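> sequence and predicted structure are below.
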Amino acid sequence: MLRIPSFPTRPWPLFDTAATRELERQAAARRPAHALMQRAGQSLARLALALAPHARTVWIACGPGNNGGDGLQAAAWLRQWMDAAPPGTCNCRVLVTCTRERSHMPADAQAAWDQARQAGVQWIEAMPEGMDAQDLCVDALLGIGLRLPNDALRPQDPRLMDCLRSLQSTHCPVLCADIASGLAADTGQYLPPFAPPPGAAPGGTRHTLALLTLQPGLFTGAGRDACGQVWWDDLGTGLASGSEPDHATPCAQLFAPTAVHARPHASHKGSYGDVAILGGEGLALRGMSMAGAAWLAALAALHGGAGRVMLSLLDDADASSATAPWPEIMLRHPQAQDWHSATVVCGCGGGQAVQAWMARILEQAPRLVLDADGLNAVARDPQLALSLRERNGRRQATVLTPHPLEAARLLGCSTAEVQADRLQAARELALRFQCTALLKGSGTVVTQTPDTAKAAVPQPCWINPTGNARLATGGTGDVLAGLIAALWAQGRTPTEAAALAAYRHGAVADQWPSALPFSASALALQLGQPLPKSAQGQLTPVGGRED
């Protein structure tokens, strides 16, 4: 059993529900009847003991399918281990609530039901009263089988919904089997009937034990809040050790950075590329200056390691009036900047003023990070959208960095539709505009246009594991755009630069000292810090045996 670290040191494969079901079918065919569920239940029980070693009560809420069977099997293991403990050393109650009668459950779950009964597990109607922070709730209600739209429209069992609301509102620690109930495993979004009340947040610490595979929904959308710390047991299939499965391909990967090599002594500023920033509408146009956004992108490019950083502000006033204490950043009038020879960041704080420059930038920039108002300009103008798409044919690469609203404008849909399937939205952006797309948000998604020469190869997709709500403040997106450009200018591919920048950007926020105030400019100044190191974090088996 592995703990998925906050800062992974290697990529982790993510499988969608269809691939997981196929791998489950293959694994079950190679084992005796019920063996896979017995292994899953044992792992769930072992993790429960490790997370709550002093619990007086473990309550397991079991749904109508095999996820409920995993919970019943865990209850049986826990009860057996409690009974085997020396007298007086364990006073923990193992309580189960089942939302479906035995006769209406799958065969594996029926066998688990029988084992739990034989072990002496106690059945109750609802979550017991009086549970506290040392106790544990186990969510084994729904698992990964939910799909839109049918499951969203199907009438729900009142008993199941009562258990789900108890799990969503409790201040006790919660351990989820597979995934937090109600989340779609492929997207990380709640299906409407199962979503918590608006504004509600999990009260207790949350953990999830992914069984057999890791799914995208654990790491993006609502998944990071709902699932908490993720653990993984591949159920003996070898997936966790990196073996390639038969007849199943990951739909994405959880990103991890590659090793960063030291800079050679025999190098100079030209070795690390030029970054040119265009943005920052000034006060002269509408009386609303956004020059700070462009400065933040430039500052991030500087601290991200670019050899030279040039800043062109979209302000008719004297640029010297906007000077900041970073003399390393070179100011340029937009007309004086050579847009053919640098990695260009366009749009940060561009407002309406950037519109007049878009055609030139799309035509001239060899490497372009398009952000903020640059994206909005493309969304408003079909000719600019066509010009953006045509860049790939001229071997001019582009990275788009939209947040969900900007992505919705580019795709001509609603923000809710973008968030409903973040991986698919990112893929559609990359395909439509023939570029690399970075869709911001919880679990930032990075993907690139598919290689038409390799039609059988799936479109690559990465989910970023770092970052937190500190980044929900003005200017952090501008910092990300500048960092992408800096890494790209130093020789990374556009997709590598985007994924690594998202990782580094989030990692700085994750390591931020709680006593220090956080801002976008402070973030930019810390981008040169070394990346954190993290081990895989293997959990030592607790209780029982591996048989």
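Thanks, I have the structure now.

> run through the chain and note the low-pLDDT ranges.
88, 147-155, 201-202, 246, 316-324, 451-458, 534-547 (pLDDT under 70).

> and the longest helix for this protein?
helix 66-84 (DSSP state H).

> quick one: residue 392 from residue 487, how far?
Taking C-beta to C-beta, to the nearest Å as the measure, residue 392 falls 20 Å from residue 487. Where you see a C-beta, it was placed from the backbone N, CA and C, and this is true even at glycine.

> my bad, should have said residue 20
Residue 20 is 33 Å from residue 487, by C-beta to C-beta.

> with residue 391 instead?
20 Å.

> the more surrounded of these two?
residue 487 (26 against 20; other C-beta atoms under 10 Å).

> from residue 504, how far off is that one?
Applying C-beta to C-beta to residue 487 and residue 504 gives a distance of 8 Å.

> again with residue 386
33 Å.

> can you pick out the residue with more neighbours from the two?
A count of neighbours by other C-beta under 10 Å puts residue 504 above the other of residue 386 and residue 504, at 25 against 12.

> what residues are up against the more buried one?
Contacts here follow C-beta atoms under 8 Å, 6 or more residues apart in numbering; on that basis residue 504 touches 257, 466, 483, 527, 531.

> try it again with 10 Å
Taking C-beta atoms under 10 Å, 6 or more residues apart in numbering, we find residue 504 in contact with 257, 260, 304, 464, 466, 480, 483-484, 487, 526-532.

> could you pull out the strands for the stretch 301-450 of the chain?
308-313, 329-331, 343-346, 367-370, 397-400, 436-439, 445-448 (DSSP state E, counting those that start in this stretch).

> could those strands go into JSON lines alongside distance to residue 127 and mean neighbour count?
Below are the strands of the stretch 301-450 of the chain laid out as JSON lines (distance: least, C-beta to C-beta, whole Å; neighbours: other C-beta atoms under 10 Å):
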{"stretch": "strand 308-313", "distance to residue 127": "57", "mean neighbour count": "24"}
{"stretch": "strand 329-331", "distance to residue 127": "57", "mean neighbour count": "17"}
{"stretch": "strand 343-346", "distance to residue 127": "52", "mean neighbour count": "31"}
{"stretch": "strand 367-370", "distance to residue 127": "49", "mean neighbour count": "28"}
{"stretch": "strand 397-400", "distance to residue 127": "45", "mean neighbour count": "25"}
{"stretch": "strand 436-439", "distance to residue 127": "37", "mean neighbour count": "29"}
{"stretch": "strand 445-448", "distance to residue 127": "35", "mean neighbour count": "28"}
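
> and stretch 223-241, end to end?
End-to-end distance of stretch 223-241 (C-alpha to C-alpha, to the nearest Å): 24 Å.

> buried residues, it. List them.
Across stretch 223-241, burial judged by 16 or more other C-beta atoms under 10 Å covers 223-224, 226-235, 237, 239-240.

> do the same with stretch 414-430
Buried residues in stretch 414-430, counted by 16+ other C-beta under 10 Å: 418-430.

> so which of the residues you listed comes closest to residue 157?
residue 420 (24.3 Å; C-beta to C-beta).

> residue contacts, the closest one?
By C-beta under 10 Å, 6+ apart, residue 420 lies in contact with 148, 184, 187, 188, 189, 221, 413, 414.

> same question for residue 475.
Counted by C-beta under 10 Å, 6+ apart, residue 475 has contacts 292-293, 295-297, 299-300, 348-349, 519-521, 523-524.

> I'd like to know how far the residue of the chain most remote from its centre sits from residue 11.
Within the chain, residue 87 marks the point farthest from the mean C-alpha position, 45.3 Å out by C-alpha atoms, centre = their mean. Using C-beta to C-beta, one gets 48 Å for the distance from residue 87 to residue 11.

> do I have it right that residue 330 meets residue 276?
Yes. Between residue 330 and residue 276 there is a contact under C-beta atoms under 10 Å: 9.5 Å.

> list the ones among the contacts of residue 475 that fall in strands.
Among these, DSSP state E puts none in strands.

> can you put those residues in TSV and add distance to residue 62 and neighbour count?
Below are the contacts of residue 475 laid out as TSV (distance: C-beta to C-beta, whole Å; neighbours: other C-beta atoms under 10 Å):
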residue	distance to residue 62	neighbour count
292	53	19
293	51	29
295	55	28
296	50	30
297	51	38
299	53	28
300	49	34
348	51	33
349	53	28
519	47	16
520	46	23
521	50	16
523	44	25
524	49	29
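
> buried ones in the strand or helix carrying residue 504?
Using DSSP states H and E, residue 504 sits in helix 494-510. Within helix 494-510, the residues scored as buried using 16+ other C-beta under 10 Å are 494-509.

> what's the answer for stretch 170-190, then?
Judged by neighbour count (16+ other C-beta under 10 Å), stretch 170-190 contains these buried residues: 170, 172-190.

> can you check stretch 470-488 too?
470-471, 475-488.

> picking up where we left off before, closest one of the buried residues of stretch 223-241 to residue 375?
Closest to residue 375, out of all of the buried residues of stretch 223-241 and judged by C-beta to C-beta, is residue 224, at 24.6 Å.

> chain neighbours aside, what residue packs nearest to that closest one?
Spatial nearest neighbour of residue 224, excluding adjacent residues (C-beta to C-beta, 6 or more residues apart in numbering): residue 442 at 5.1 Å.

> ok, now how distant is that neighbour from residue 342?
Going from residue 442 to residue 342 by C-beta to C-beta gives 32 Å.

> more crowded one of those two?
residue 342 (24 against 20).

> please tell me how far that one sits from residue 310.
7 Å.

> need the residues touching each of these two.
Shared contacts of residue 342 and residue 310 (C-beta under 10 Å, 6+ apart): 274, 275, 276, 277.

> what's the helix or strand for the third one?
It refers to residue 276. Residue 276 belongs to strand 274-279 when assigned by DSSP H and E.

> ok, residue 512 - contacts?
Counting by C-beta under 10 Å, 6+ apart, residue 512 touches 468, 470, 471, 518, 522, 523, 526.

> go with 7 Å
Taking C-beta atoms under 7 Å, 6 or more residues apart in numbering, we find residue 512 in contact with 470, 518.
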